[in-house]
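Q: Compute the structure for the input listed below.
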Amino acid sequence: MAKRFMAWMVAQGRRKISGGRALAVALGALALRSGAGPLADNFGEASPLNGITNLVGSNFLATAERFEPPHAGEPATHSVWATWTAPVTGSYSISTSNSTFDTVLGVYTGNALHELALVASNDDADSFIPWSRVVFRAYGGEKFHIAVDGSAGAIGLINLRITPGGPSMRPWETTDPSGQPISSLDFSNDVLLIDFWETTCDACKEELPDLVRLYRSLHPQGFSIVGLAIDLDPQLVRDYLADEDIPYPMAMASKSAESALGGMFGAPTKYLVWSDINASAVTNNGLSIVTLPAEGAGRFFRLTQP
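A: Numbering: from 1, shown residues only. Got it, this is the predicted structure:
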């Protein structure tokens with residue numbers, strides 16, 4: 001939650017602001033009061049955004065509204081809203097990188113506060129990083145409402161960035177617990193959920209029934225899961241799987257797979273990989289899923305980490 005940063009962030013907000021920051025604060029305050037501009041205090045009043053965006057504003061004079069939902073688990077206090085439309089179907093990243101305070105971020109669809117549907121939310125982009133980031137799928141022409149607020153009521157300058165999201169995954173190779181080769185290219189026509197897990201990880205084992213149900217429900221529509229065990233001894237994995245009915249492939253984690261996904265962050269950690277090329281999609285609990293291209297390249301983002 002990066003609460004250790006809060007005292008420092010609040011102290012920064014109390015200091016005198018000069019130069020370009022003073023101008024940004026003043027313009028942001030005027031925009032909030034008038035309802036004009038890309039960031040507005042009230043839902044639905046912001047001037048619309050489209051495509052790749054990089055804007056600066058603030059939440060100094062912002063307030064919460066009746067029926068406003070909590071954002072990333074934090075009650076609304078000084079929230080500002082933006083309205084953004086995806087130019088084409090694809091994956092997108094929205095972040096508050098370089099904002100001056102500990103932000104929370106929420107992305108929604110809907111036409112009124114009391115009927116919003118959450119698309120994605122985030123408090124901290126990673127450990128020790130107090131700004132926020134979400135990655136999600138969008139159809140061309142689809143409109144989203146973006147809320148930025150401060151964790152524990154924090155205020156400051158906001159840098160809102162909207163860019164194409166998700167790095168590309170390189171092909172990777174590994175082996176199953178019996179030593180048979182497995183490649184990411186084996187799943188080249190599927191949307192792929194990659195699950196790093198361990199036989200000694202209770203949280204990993206507790207969620208396996210949910211992953212099995214997810215796989216059985218969506219596999220006929222082109223969805224696959226591969227488990228990558230981080231155990232050092234493949235025999236431990238073989239012994240565990242002998243007593244389990246896991247319908248999707250289980251393999252051993254490898255340096256090749258970890259490198260292709262940007263590193264291994266412990267267990268359980270999951271990556272969802274899809275293509276930005278094929279726009280035929282199915283939806284499960286609000287998550288848009290599309291098929292991967294034949295060459296096996298794709299976009300990914302980390303879903304969970306310990």
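
Q: Tell me where the stretch 201-306 of the chain has strands.
A: When secondary structure is read from DSSP state E, counting those that start in this stretch, the stretch 201-306 of the chain shows strands at 223-229, 250-252, 269-274, 281-284, 287-290, 298-304.

Q: buried ones in the third one?
A: Buried positions in strand 269-274, judged by neighbour count with 16 or more other Cβ atoms under 10 Å: Thr269, Lys270, Tyr271, Leu272, Val273, Trp274. Bear in mind the C-beta positions are built from the backbone N, C-alpha and C, glycine included.

Q: could I get these as TSV with pLDDT and distance to Ile129?
A: TSV is the format used below for those (pLDDT from 0 to 100; distance: Cβ to Cβ, whole Å):
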residue	pLDDT	distance to Ile129
Thr269	84	17
Lys270	84	19
Tyr271	83	19
Leu272	80	21
Val273	81	23
Trp274	71	25
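
Q: Return the closest of the residues you listed with respect to Ser259.
A: Tyr271 (12.7 Å; Cβ to Cβ).

Q: which residue sits closest to Arg68 in space, ignoring its chain neighbours?
A: To be clear, residue 68 is Glu; Arg isn't right here. Ala76 (4.4 Å; Cβ to Cβ, 6 or more residues apart in numbering).

Q: actually Phe60, not the one I wrote
A: Of all residues not flanking Phe60 in the chain, Ile155 sits nearest, at 5.4 Å (Cβ to Cβ, 6+ apart).

Q: ok, back up a step: and the pLDDT for the residue nearest to Glu68?
A: As predicted, Ala76 sits at a pLDDT of 97.

Q: what do you get for Asp126?
A: pLDDT, Asp126: 78.

Q: Okay, and the beta partners of it?
A: The bridge-partner assignment for Asp126, based on DSSP bridges, gives Ile129.

Q: Next, work out how far apart it and Gly262 are.
A: 11 Å (Cβ to Cβ, to the nearest Å).

Q: Equivalent analysis for Glu198, please.
A: 19 Å.

Q: again, but for Gln221
A: According to Cβ to Cβ, Gln221 stands 27 Å off from Gly262.

Q: His71 now?
A: Distance from His71 to Gly262, by Cβ to Cβ: 26 Å.

Q: With neighbour numbers in mind, choose between those two.
A: Neighbour totals were compared for His71 and Gly262, and His71 leads with 28 against 13 (other Cβ atoms under 10 Å).

Q: residue contacts, that one?
A: Ser79, Val104, Leu105, Gly106, Ser121, Ala147, Val148, Asp149 (Cβ atoms under 8 Å, 6 or more residues apart in numbering).

Q: Right, I'll call it a day here.
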